[in-house]
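Peer 1: attaching a predicted model along with its sequence, questions to come.
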Amino acid sequence: MQFASPEWHHTLTSTNQVLLQRLAAGEDLPTGFVLAAYEQTAGRGRYQRRWLSQAKRDLTFTFLLRPEAQGDRLASLTLAVALGVRVALATFGVEARTKWPNDLLVDGCKICGILAERAGQNLVIGIGLNVNMDEAVAARLDRPVTSVYLQTGVEYAVETILDALLDALPVWLDRWEEAGFLALQQEWTVACQGLGQMIAVGEGDHRRRGILYGFGHAGQLLLKNKNDKIEEIWAGGVDLLQ
């Protein structure tokens, strides 16, 4: 696939939300369309959690994908995106690990989140990446976070980081489109944090505990429970347990 030149805006509520609204209004946008904002006023992650970013210092963007793949294969789309982001971050000297199904971590601290949403045949994939977040801002958040700046001591223009991501992502998206998770499995298994460790997965009253045993044919998480049975988990946040 190829990405179009990013359409930048100074301020948007949420790049995912705005792109979904434009599609609902009938705007004819091509696959590979990229909507980016220097500031989001209502950024969000999975389960409607708020995504916080600093204006012009952190990267928030969404791209449009209209894949031929359907069904179970769609479950591994965010895994392909995460691997592409990981490769791009490495070019800046940041060694990130993936966290099923849609995060990237550095030393256990979140640096990037991915949110995929569907509208008919359209998929919008939002990426929030902490680029120039400093220690003072990171300390105010309710979970461990980091940024490219905190890892390298170098500040980067968000446009530079976006260009690197758009260079790295097509390889992984093409591989995913062609063969689904099987084309990603080896790299994902190496990159994923928590394999073989005790985890809690799910939300609220539906959280389950067990060993992160591996991943199924479509990228679903395989959880080994206390009875040594393997459960398939298709969605939910993962927390590593001591």
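Peer 2: The structure has been received and is ready for your questions.
Peer 1: report the distance from the top helix by length along the chain to the chain centre.
Peer 2: Scanning the chain for the longest helix, with DSSP state H as the assignment, gives helix 158-179. Computed by C-alpha atoms, centre = their mean, to the nearest Å, the chain-centroid distance of helix 158-179 equals 12 Å.
Peer 1: any buried residues in it, and which?
Peer 2: Within helix 158-179, the residues that count as buried by 16 or more other C-beta atoms under 10 Å are 158, 161-162, 164-166, 168-169, 172-173, 175-177. Just so you know, the C-beta spots here come from the backbone N, C-alpha and C atoms, and that holds for glycine as well.
Peer 1: repeat for stretch 94-107
Peer 2: For stretch 94-107, burial by neighbour count (16+ other C-beta under 10 Å) applies to 94, 96, 97, 98, 99, 100, 101, 102, 103, 104, 105, 106.
Peer 1: what about the first one, distance to residue 109?
Peer 2: Distance of residue 94 to residue 109, computed by C-beta to C-beta, to the nearest Å: 11 Å.
Peer 1: again, but for the fourth one
Peer 2: Between residue 98 and residue 109 the distance, using C-beta to C-beta, works out to 14 Å.
Peer 1: got it, and the third one?
Peer 2: Using C-beta to C-beta, we find residue 97 at a distance of 10 Å from residue 109.
Peer 1: now swap in residue 191 and tell me
Peer 2: Residue 191 is 16 Å from residue 109, where distance means C-beta to C-beta.
Peer 1: which of those two has more neighbours?
Peer 2: Neighbours per residue, other C-beta atoms under 10 Å: of residue 191 and residue 109, the larger number sits with residue 191, 20 against 16.
Peer 1: residues contacting that one?
Peer 2: Listed by C-beta atoms under 8 Å, 6 or more residues apart in numbering, the contact set of residue 191 reads 82, 83, 86, 97, 98.
Peer 1: taking the residues you listed together, which two end up most distant?
Peer 2: Greatest spatial distance in the contacts of residue 191: 83 and 97, 11.0 Å, computed using C-beta to C-beta.
Peer 1: mind telling me what element the residue most central in space within the chain is part of?
Peer 2: The centroid of the chain falls nearest to residue 114 when counting by C-alpha atoms, centre = their mean (2.4 Å). Here residue 114, judged by DSSP states H and E, is contained in strand 109-119.
Peer 1: got the buried residues for that strand?
Peer 2: For strand 109-119, by 16+ other C-beta under 10 Å, it's 109, 110, 111, 112, 113, 114, 115, 116.
Peer 1: by how many degrees do it and helix 158-179 diverge?
Peer 2: On the basis of axes from the mean of the first three to the mean of the last three C-alpha atoms, to 10 degrees, strand 109-119 is oriented at 60 degrees to helix 158-179.
Peer 1: strand 109-119: what's the following helix or strand?
Peer 2: Taking DSSP H and E as the definition, the helix or strand right after strand 109-119 is strand 122-129.
Peer 1: tell me the helices and strands packed up against that following strand.
Peer 2: helix 15-24, strand 59-65, helix 77-90, strand 109-119, helix 158-179 (3 or more C-beta pairs under 8 Å, 6 or more residues apart in numbering; DSSP states H and E).
Peer 1: show me how far the shortest one is from its chain's centre.
Peer 2: Which is strand 59-65. Centroid separation for strand 59-65 versus its chain: 10 Å, with C-alpha atoms, centre = their mean.
Peer 1: for it, give me every contacting residue.
Peer 2: 1, 3, 6, 15-16, 18-19, 23, 29-37, 40, 43, 51, 53, 77, 122-129, 131, 158, 161-162, 165, 173.
Peer 1: what residues does residue 116 make contact with?
Peer 2: Counting by C-beta under 8 Å, 6+ apart, residue 116 makes contact with 77, 78, 81, 102, 123, 124, 125, 126.
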